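Trainee: Predicted model and sequence follow; I will ask about them next.
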Amino acid sequence: MAVTLRSPQPVLHPRVLVVDDEPLIRWSIGETLSEIGWSVVEAGDARGALCAAREGHVPFTVVVLDLKLPDSQDLSLLARLRELLSPVEIIVMTAHGTPEIVTSALAMGARSVLHKPFGLTELTDAVSEARRLSEACVQPVPPANGAMIDATHSHAR
């Protein structure tokens, strides 16, 4: 359960929690977001993510969450983080994004779902949009007709 803080000044920058069990992916996302002004906290598993969520004295603006972790194989961590960190914006990453998983994640309050592999520009766009919506106090609204959303670009919910 390693939790890493990339910025020494979390109060001055928006905070993001990056949760992925792959160290290289976590590092790449962390470096990319840090370069554009985010204070990044990293966790490699569900236990680390929950620890970071509970101990955060400065709230997170966004969580970037991998769906499959060694100690969490479903959407239960999304639900728990939603409870602990509401009204945080959560972006789910997955290589296993069936339409049912995407629909469930969005219904549970995920802002968007990024399908691995994705480009870092796609990630920074999603995180920037989530921040903008967070600052505007806009809460996610599920689609009225139950139609499938292009979850990779689900900004217009």
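Mentor: It's in. Numbering: from 1, shown residues only.

Trainee: Output the lowest mean pLDDT helix or strand found in this structure.
Mentor: The weakest-scoring helix or strand in the chain, judged by mean pLDDT, DSSP states H and E, is strand 3-5 (a mean of 60).

Trainee: Can you report how many residues lie near S72?
Mentor: 21 (other C-beta atoms under 10 Å). The way it works is simple: take the backbone N, C-alpha and C, and place the C-beta from them, glycine included.

Trainee: thought it was touching A43?
Mentor: No. Contact between S72 and A43 fails when scored by C-beta atoms under 8 Å: they sit 11.0 Å apart.

Trainee: For E89, give me its contacts.
Mentor: E89 makes contact with 61-63, 111, 130-131, 133-134, according to C-beta atoms under 8 Å, 6 or more residues apart in numbering.

Trainee: Would you map the strands across this protein?
Mentor: Remark: strands assigned in the chain by DSSP state E are 3-5, 15-19, 39-43, 62-66, 89-94, 110-115.

Trainee: Adding distance to T121, write the ones you listed out as JSON lines.
Mentor: Formatted as JSON lines, the strands of the chain follow (distance: least, C-beta to C-beta, whole Å):
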{"stretch": "strand 3-5", "distance to T121": "24"}
{"stretch": "strand 15-19", "distance to T121": "16"}
{"stretch": "strand 39-43", "distance to T121": "17"}
{"stretch": "strand 62-66", "distance to T121": "14"}
{"stretch": "strand 89-94", "distance to T121": "14"}
{"stretch": "strand 110-115", "distance to T121": "11"}
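
Trainee: now for these, which one comes closest to E31?
Mentor: When the strands of the chain are compared by C-beta to C-beta, strand 39-43 sits nearest E31, at 8.3 Å.

Trainee: Between strand 15-19 and the closest one, find me the angle.
Mentor: Per axes from the mean of the first three to the mean of the last three C-alpha atoms, to 10 degrees, the angle that strand 39-43 makes with strand 15-19 is 20 degrees.

Trainee: Give me the sheet partners of strand 39-43 and which way each runs.
Mentor: Strand pairing for strand 39-43, using DSSP bridges, gives strand 3-5 (antiparallel), strand 15-19 (parallel).

Trainee: And for the longest one, what's in contact with it?
Mentor: This points to strand 15-19. With contact meaning C-beta under 8 Å, 6+ apart, strand 15-19 is reached by 26, 29-30, 33, 38-46, 48-49, 52-53, 56, 58-66, 69, 77, 127.
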